[in-house]
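In: Attaching a predicted model along with its sequence, questions to come.
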Amino acid sequence: RHPQPDRRTEPPRPAARAPGTTSVEQGIKREAQKIQATLAAWRALVNKGDAERALVSEQSEDTPRAMEACSDIAAIGSQVSKVAQRTRILSLNANVEAARLGERGAGIEVIASEMRRLTDEVNRANRRIEHMAQTLLASLPRIVEHTETMTGCTEQFAGRLSDNAVAVDAATGRVRSTVS
């Protein structure tokens, strides 16, 4: 009988080390650098998200002022309508007086007709202004709702990015400590 060879395995010998690091360590360092670059990009996104959040917040603050301005425009329009209505009544009274005076009231009749024409123009313009103000007032609550939704989404997104950045930063730290 022949002696059996020893089947125990010897522990693996370390690979020959190049000056500095092994290829695995170099690969880990490259990946850590990629992770750092990704982390930097995420931080930039978080900063941009913060800027967007500030802008949305500013819009949220502007919306009530815009609603108030539209209400003020509608109130002014109402006052203009009242003045135009009174002016029209004055022009009708002036027409009556012009007719009563006959030929001597011809000048008053011309002025009364012009007042009536101007009053009609003011009423048309005022109706357009009131319509625009009502349209704005009707759309502003939707704008507020969309702004609030955008704020919530932006905050969630920024929070998730921030959480991911913290996790990646921690993982990178662990990789560094392992490599070192």
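Out: Cool, the structure landed.
In: Quick check: which element contains the most centrally placed residue in the chain?
Out: Centroid-nearest residue in the chain, with Cα atoms, centre = their mean: residue 56, separated by 4.1 Å. Assigned by DSSP states H and E, residue 56 falls within helix 23-101.
In: any idea which helix or strand comes after that helix?
Out: helix 106-179.
In: average pLDDT across that following helix?
Out: For helix 106-179, the mean pLDDT works out to 83.
In: what helices or strands is that helix leaning on?
Out: helix 23-101 (3 or more Cβ pairs under 8 Å, 6 or more residues apart in numbering; DSSP states H and E). Any C-beta I mention is one placed from the backbone N, CA and C, and that applies to glycine too.
In: and the helix it packs on with helix 106-179, angle?
Out: Interaxial angle of helix 23-101 relative to helix 106-179 (axes from the mean of the first three to the mean of the last three Cα atoms, to 10 degrees): 170 degrees.
In: OK, contacts around the residue nearest to the centre of the chain?
Out: Counting by Cβ atoms under 8 Å, 6 or more residues apart in numbering, residue 56 touches 147, 150, 151, 154.
In: quick check, nearest of the residues you listed to residue 40?
Out: residue 154 (20.5 Å; Cβ to Cβ).
In: For the residue nearest to the centre of the chain, give its distance to residue 67.
Out: Using Cβ to Cβ, to the nearest Å, we find residue 56 at a distance of 17 Å from residue 67.
In: Next: residue 57.
Out: Residue 57 is 17 Å from residue 67, by Cβ to Cβ.
In: which one of these two has more residues nearby?
Out: residue 67 (16 against 13; other Cβ atoms under 10 Å).
In: Report how many residues lie close to the residue nearest to the more buried one when sequence neighbours are not counted.
Out: Using Cβ to Cβ, 6 or more residues apart in numbering and skipping residues adjacent in sequence, the residue nearest residue 67 is residue 140, 4.9 Å away. Residue 140 has 15 neighbours, counted by other Cβ under 10 Å.
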